[in-house]
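Novice: this is the structure alone, sequence omitted:
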């Protein structure tokens, strides 16, 4: 019996991949050269479609393309007119356009023509672009953060990689198409085409993908939910302005309404920024020292769902010079308009200073932005870590964009992040459920061991304390039994204690 001299290698391992590439490269090279020629059609000269006339043409984009005659290749591409066709001249294949072969597309005679040729007349006359290319760029921009410039020139090189053919520059038109495509997709997914009032009736923040796990009145809460008992890095250079490049969304997505936002900043911009009394608050104290020369925005401020890391509607805005309170105040109250909350936990790295005069600053905002904090329990916390904004990789492209294009692009990426969170919830919850089932037995055994070690007197007292806290979770006078009451000993505290003991011994 013949034995394989090569040792067994795990599938997918680096050694397996190297051996596979080495063993088959000769075959792959020969097949590549064979298909650069006529391939299986070398023994036949007739058209593989009609079988009557000589076949001299083939398509580089069609699946299983074979040599066909001129009439057959034109008929086969009536609905694929941007495919790349080449002609056999007896020695090699030469590129030839379907236009030169006699293919003509009469726009306006079919109901689907406008969709197949995205925004043909709306952007620029005599310009067509297959919808699949715009859609491909749309998805690639999410996954790889590819620049429009790079994608456009990849299409140019796919058409002709020698540089011998002279193509008209369509880059600016492609940018317009891509931006319009993003905007229309957002409106479509938000269901705006079904509103009899049309797109113009879209409300602020209406096009955002909402967090399905957060309470949304009218969506995942009962009608009488209020009666239920309480439950136990991204700057932008100055390359344009809003009058020249306005946003298409106008506050319909994650970004705030820019007109209202800038009006608030203008009205309150002369107010002196109060300095932080806490240590190491560079976001406030060092804001004026940051260089902003040549920049229309030094970064982004975002208000996110801290529990599920979802971007909230109308919770994103440009920062002009650090995290000024007037910027973050507007973003904070702008997104709270869309939520009905009884208890609000606010996590912010400078919350200890920011919240001190928050309600006084809120009075400077329009009435619809103001929160009735008298009936809402609001608690402020200093966070342990920052939630990622997931847009740092976009900085290289968005910083060169105009203000409107930049906001529309970032809105699109925020929507993609929220959507991926929604569709991955099922797999994530299943994974966490399996982990919980495995950990349940271990924690139950630990609890039983602890319960057996305490006296009945302690058990009754602790249970009463826990139940009292669960009934009054927001009453600060009721102590939380789950919070550690012991004070951690610091190095400085230990040294002080030793010094005091030594001084006592010397007395």
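Specialist: That came through, no problem. Here the structure is a predicted model, which means the values were calculated and not measured.
Novice: for the closest residue to residue 140 other than its chain neighbours, give its distance to residue 419.
Specialist: Among residues not flanking residue 140 along the chain, residue 146 sits closest, at 4.8 Å (CB to CB, 6 or more residues apart in numbering). All C-beta spots, glycine's among them, are computed from the backbone N, C-alpha and C. Distance of residue 146 to residue 419, computed by CB to CB, to the nearest Å: 19 Å.
Novice: same question for residue 197.
Specialist: Distance check for residue 197 against residue 419: by CB to CB, it reads 25 Å.
Novice: which of residue 146 and residue 419 has more neighbours?
Specialist: Neighbour tally, residue 146 and residue 419, criterion other CB atoms under 10 Å: the higher count belongs to residue 146, 16 against 13.
Novice: doesn't that one fall inside a strand?
Specialist: No: assessed with DSSP: H, G, I helix; E, B strand; the rest coil, residue 146 is coil; it does not lie in a strand.
Novice: so, low pLDDT: which residues of the stretch 301-450 of the chain?
Specialist: 322, 384-392, 396 (pLDDT under 70).
Novice: sorry, back to before: got phi/psi on the residue nearest to residue 140?
Specialist: Phi and psi for residue 146, reported as degrees, to the nearest 10, are phi -70, psi 140.
Novice: could you chop the chain up by domain?
Specialist: Structural domains assigned to the chain are 16-101, 113-189, 241-271+289-425, 454-498, following automatic domain parsing.
Novice: does residue 264 really touch residue 331, like I thought?
Specialist: No: Residue 264 is not in contact with residue 331 according to CB atoms under 8 Å; the separation is 10.4 Å.
Novice: can you list the buried residues in the strand or helix carrying residue 416?
Specialist: Residue 416 belongs to helix 403-423 when elements are defined using DSSP states H and E. Residues of helix 403-423 classed as buried: 403-418, 421-422 (neighbour count, 16 or more other CB atoms under 10 Å).
Novice: cool, stretch 31-45 as well?
Specialist: Buried positions in stretch 31-45, judged by neighbour count with 16+ other CB under 10 Å: 38, 41.
Novice: any idea how far residue 331 is from the nearest residue to residue 398 once chain neighbours are set aside?
Specialist: Leaving aside its chain neighbours, residue 398 sits nearest to residue 406 (4.8 Å; criterion: CB to CB, 6+ apart). Noted for residue 406: a distance of 17 Å to residue 331, by CB to CB.
Novice: and residue 36, backbone torsions?
Specialist: According to degrees, to the nearest 10, residue 36 has phi -70, psi -30.
Novice: got a list of what it touches?
Specialist: Contacts for residue 36 were tallied using CB atoms under 8 Å, 6 or more residues apart in numbering; they are residue 93.
Novice: for residue 205, see how far away the residue nearest to residue 398 is.
Specialist: Residue 406 is 19 Å from residue 205, by CB to CB.
Novice: with residue 413 instead?
Specialist: Noted for residue 413: a distance of 17 Å to residue 205, by CB to CB.
Novice: and if you look at residue 333?
Specialist: Taking CB to CB, one finds residue 333 at 13 Å from residue 205.
Novice: repeat for residue 311
Specialist: 11 Å.
Novice: do residue 173 as well
Specialist: Applying CB to CB, the value for residue 173 to residue 205 is 31 Å.
Novice: the more surrounded of those two?
Specialist: A side-by-side neighbour count of residue 173 and residue 205, using other CB under 10 Å, places residue 205 first with 22 against 16.
Novice: does that one belong to a helix, a strand or coil?
Specialist: coil.
Novice: could you pull up the residues touching the nearest residue to it once chain neighbours are set aside?
Specialist: Distance criterion CB to CB, 6+ apart; nearest residue to residue 205, sequence neighbours excluded, is residue 313 at 2.8 Å. By CB under 8 Å, 6+ apart, the contact set of residue 313 is 204, 205, 206, 208, 210, 253, 254, 335, 338.
Novice: surely the fourth one meets residue 312?
Specialist: Meaning residue 208. Yes: Residue 208 lies in contact with residue 312 (CB under 8 Å); the separation is 7.2 Å.
Novice: tell me, what's touching the two both at once?
Specialist: Joint contacts of residue 208 and residue 312 (CB under 8 Å, 6+ apart) are residue 254.
Novice: quick one: name whatever helix or strand follows the biggest helix by length in the chain.
Specialist: Under DSSP state H, the helix in the chain containing the largest number of residues is helix 425-453. The C-terminal neighbour of helix 425-453 among helices and strands, as given by DSSP H and E, is helix 456-471.
Novice: quick one: mean pLDDT for the next helix or strand after that following helix?
Specialist: Proceeding N to C from helix 456-471, the next assigned helix or strand is helix 491-506, under DSSP H and E. In this model, helix 491-506 has an average pLDDT of 85.
Novice: and the helix or strand harbouring residue 380, how far out from the chain middle?
Specialist: Residue 380 is part of strand 377-381 when elements are defined by DSSP H and E. Centroid separation for strand 377-381 versus its chain: 28 Å, with CA atoms, centre = their mean, to the nearest Å.
Novice: now do the phi/psi pair for the residue nearest to residue 421 when sequence neighbours are not counted.
Specialist: Distances taken as CB to CB, 6+ apart place residue 310 nearest to residue 421, at 5.9 Å, with adjacent residues excluded. Note on residue 310: backbone dihedrals following degrees, to the nearest 10 are phi -110, psi 140.
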